[in-house]
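Chemist: Compute the structure for the input listed below.
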Amino acid sequence: MNGVCVDAFVTAHVLAALAPAALEVSLRAAEQVLAERAELEKIWSQRLERAAINADRAQRCYHLAEPENRLVVRQLEKDWEQALAAQQILQEEYDRFTLTRPRTLTAAEQQAITALTSDIEGLWSAATTTATDRKEIIRAIVEQGTVTVLGTSERVTVTITWAGGRTTTGETTRPVALLQQLSYFPQIKERVRELAGQGHRAEAIARRLHAEGFLPARGRGNRISASAVKEIMRELGCLPPPARTRSAPPPGEEPGCDEWWLEDLAAELDMPAVTLYSWIYRGWVAARKESRNPHRWILHAGPTQLAELRERRTRPPGWSTRRRWTDSEPPIPAQDGDQTTSSHL
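Modeler: Sure thing, here's the model as predicted:
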């Protein structure tokens with residue numbers, strides 16, 4: 001998926017967390033944490049002092065015992081060893097506790113932070129602020145981000161886990177390839193049906209959909225095109241199928257056995273012609289061109305190739321890209337004499 005929507009979502013929440021009011025609250029919270037830490041330090045100091053007193057008492061009792069009282073001496077020695085072991089365990093626990101001690105800010109550092117918060121957004125978008133700087137800022141306050149795409153729709157749930165364990169969950173939208181993937185596509189179809197029934201043409205329907213807030217598959221900044229509206233109207237039976245006229249190809253270049261015009265094969269596979277066009281340039285389907293205008297594509301696809309193309313059509317978006325990282329074996333290089341039908345972009 002396109003990560004721009006996630007970047008925008010995380011950036012907006014990070015800037016909100018870095019707002020002057022939020023930073024002021026954070027500084028006060030830090031002071032409160034330090035005060036609580038001082039109380040804990042006092043308790044630890046008392047526990048360590050008590051353990052040292054117990055160990056010292058056990059030592060003095062052992063040295064004051066008469067050597068002739070062997071049973072008493074053995075018990076006192078055992079008590080001394082237990083007191084020393086308890087003191088050592090407590091000291092180790094305190095050492096681990098001190099490792100979690102937060103770094104304290106000096107008064108000058110607090111004043112510098114307060115001064116910088118007057119224009120957080122300007123600092124974030126400044127030309128002098130590099131992408132590395134922004135990443136360091138985010139890593140300082142964000143521990144993890146979890147992104148969940150709801151089905152194949154445009155809806156994306158993002159959960160931010162902040163440093164300290166608190167979480168923020170929200171929803172954003174991503175661009176998708178097809179209008180049919182939109183979660184509100186049924187509402188678009190129903191609205192097109194209503195407007196078409198009132199006698200509106202495709203261009204007028206597209207303007208009405210844009211005015212009513214329906215966004216296209218690619219997201220904000222555009223509107224649903226009239227051609228997309230026409231396709232929906234044909235699907236609903238509001239428009240007759242377009243009359244297709246095709247000029248004759250040059251002599252000897254007609255589609256042969258197991259050969260298809262690009263549009264016909266796209267219709268057979270129930271897929272956009274532009275996607276099939278990209279498959280040609282990726283080398284996934286054999287094809288040739290007419291020798292003169294309009295240089296239409298003629299594709300070769302027998303029963304076996306049709307089955308392979310249908311299987312490829314069912315793969316989820318991004319399958320080929322992810323496979324580059326998950327395949328453990330390198331691709332087998334093409335041998336001399338292998339038939340190549342088109343070049344790769």
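Chemist: show me the contacts for Met271.
Modeler: Arg313 (C-beta atoms under 8 Å, 6 or more residues apart in numbering). From N, CA and C alone the C-beta is placed, and that goes for glycine too.
Chemist: how much space between it and Thr314?
Modeler: Using C-beta to C-beta, to the nearest Å, Met271 is found at 10 Å from Thr314.
Chemist: now do Arg191
Modeler: According to C-beta to C-beta, Arg191 stands 30 Å off from Thr314.
Chemist: Next, count neighbours for the residue lying closest to Arg155 once chain neighbours are set aside.
Modeler: Among residues not flanking Arg155 along the chain, Ser183 sits closest, at 5.6 Å (C-beta to C-beta, 6 or more residues apart in numbering). By other C-beta atoms under 10 Å, the residues close to Ser183 number 14.
Chemist: Please apply the same query to the one 5 residues further on.
Modeler: Counted with other C-beta under 10 Å, residues neighbouring Ile188 total 22.
Chemist: With Ala267 instead?
Modeler: Neighbourhood size, Ala267 [other C-beta under 10 Å]: 13.
Chemist: Can you classify it as helix, strand or coil?
Modeler: helix (DSSP: H, G, I helix; E, B strand; the rest coil).
Chemist: Check Thr159 too.
Modeler: Thr159 - assigned by three-state DSSP - is strand.
Chemist: isn't it right up against Gly145?
Modeler: Yes: Thr159 is within contact range of Gly145, at 7.1 Å (criterion: C-beta atoms under 8 Å).
Chemist: can you pull up the bridge partners for the residue most central in space within the chain?
Modeler: The residue lying closest to the centre of the chain (C-alpha atoms, centre = their mean) is Val147, at 4.4 Å. Applying DSSP bridges to Val147 gives these bridge partners: Val158.
Chemist: got a list of what it touches?
Modeler: So Val147 contacts 1, 6, 156-158 (C-beta under 8 Å, 6+ apart).
Chemist: Checking my notes, the residue nearest to Arg155 in a helix, right?
Modeler: No: applying three-state DSSP, one finds Ser183 to be coil, outside a helix.
Chemist: Tell me if I'm right that it and Val156 touch.
Modeler: No: look at Ser183 against Val156 with C-beta under 8 Å: they stay out of range, at 11.0 Å.
Chemist: quick one: common contacting residues for those two?
Modeler: What both Ser183 and Val156 touch, as defined by C-beta under 8 Å, 6+ apart, is the set Leu150.
Chemist: What residues of stretch 207-215 count as buried?
Modeler: 208-209, 214-215 (16 or more other C-beta atoms under 10 Å).
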